[in-house]
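Chemist: This is the structure alone, sequence omitted:
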């Protein structure tokens, strides 16, 4: 459509008869890009700034399928290439997407537009900490969806991490690892176990990278240390799993883009 100031039909003005109003917005092509993006964001942006509740909605695989069929796909099929591009960029770049990893499976939005996604949250379950690379890459271990050997040795962890490759433009990555402590090397009771685990991670790699990375370890199988008195006479109870912070820092370093 060409944006022109069309002259009114004087015959219609004289007769007082006008055509019925149309249900489409024909002035859309005339709007500036900034205004188009603002309009689309009201429909496709589910971040906290656009919602009444305080937390952002995480887009799961099911959410993505529903939004695609009810909202995004009708816009794409409108036949306007510019509108389609603006709608998809608004949707993928404005929202936070959620990846869920289990022992035998994982769930994530289709990766056809993964290069447009800027924020991602990974929730990894059934991640068993162990003393050997083979245990990390065991088919029963959720780690195999995240970690791979720097030097492949035909022990798995190569194909199961390929899903990470298309996410090349992430700005923010949040990773929550539910780790089960099943080996004495990582019972979090001393620096030897922590150093051994960090040394093991040094031989592993993570393909997915982001400018800002926040990793949280939620470990099970560790007990709290006995109560003791601090210097002020207060009773404190420190967790024996203080190594969680060191493991988190090691994983963050693996997932952070160079120079970020």
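Modeler: Thanks, I have the structure now. A quick note: this is a predicted structure, and the numbers were derived from the prediction, not measured.

Chemist: Quick one: mean pLDDT for the longest helix along the chain?
Modeler: As assigned by DSSP state H, the longest helix anywhere in the chain is helix 81-94. If you average the pLDDT over helix 81-94, you get 90.

Chemist: Return the list of helices and strands in contact with that helix.
Modeler: helix 33-44, helix 73-76 (3 or more Cβ pairs under 8 Å, 6 or more residues apart in numbering; DSSP states H and E). Bear in mind the C-beta positions are built from the backbone N, C-alpha and C, glycine included.

Chemist: So which bits of that helix are buried?
Modeler: For helix 81-94, a neighbour-count test (16 or more other Cβ atoms under 10 Å) marks 83, 84, 86, 87, 88, 90, 91, 92, 93, 94 as buried.

Chemist: Determine the next helix or strand in the C-terminal direction from it.
Modeler: With elements assigned by DSSP states H and E, the helix or strand that comes after helix 81-94 is strand 96-101.

Chemist: Show me what that following strand is packed against.
Modeler: strand 58-59, strand 106-107, strand 119-129.

Chemist: if we go to 6 Å?
Modeler: Judged by 3 or more Cβ pairs under 6 Å, 6 or more residues apart in numbering; DSSP states H and E, strand 96-101 is in contact with strand 58-59, strand 119-129.

Chemist: Paired strands for the longest one, with orientation please.
Modeler: What it means is strand 119-129. strand 96-101 (parallel), strand 172-181 (parallel) (DSSP bridges).

Chemist: Helix 81-94 and that one, what's the angle between them?
Modeler: If you take axes from the mean of the first three to the mean of the last three Cα atoms, to 10 degrees, strand 119-129 sits at 40 degrees to helix 81-94.

Chemist: pLDDT on the following helix or strand past strand 119-129, on average?
Modeler: Next along the chain after strand 119-129, taking DSSP H and E as the criterion, comes helix 133-136. Averaged over helix 133-136, pLDDT sits at 73.

Chemist: What are the buried residues along helix 133-136?
Modeler: For helix 133-136, by 16+ other Cβ under 10 Å, it's 133, 135, 136.

Chemist: Domain ranges for this protein, per the record?
Modeler: The chain breaks down by automatic domain parsing into domains covering 24-94, 98-260.

Chemist: pLDDT at residue 251, what is it?
Modeler: So, for residue 251, pLDDT stands at 92.

Chemist: Next, the closest residue to residue 255 other than its chain neighbours: secondary structure please.
Modeler: Excluding its sequence neighbours, the residue lying closest to residue 255 (Cβ to Cβ, 6 or more residues apart in numbering) is residue 213, at 4.6 Å. Assigned state for residue 213: strand (three-state reduction, DSSP: H, G, I helix; E, B strand; the rest coil).

Chemist: need the helices for the stretch 151-260 of the chain, in chain order.
Modeler: 191-202, 244-255 (DSSP state H, counting those that start in this stretch).

Chemist: could I get these as CSV with mean neighbour count and distance to residue 114?
Modeler: Compiled in CSV, those are given as follows (neighbours: other Cβ atoms under 10 Å; distance: least, Cβ to Cβ, whole Å):
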stretch, mean neighbour count, distance to residue 114
helix 191-202, 15, 25
helix 244-255, 17, 16
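
Chemist: which stretch in the ones you listed has the least confidence?
Modeler: Going by mean pLDDT, the lowest-scoring of the helices of the stretch 151-260 of the chain is helix 191-202, which has a mean of 71.
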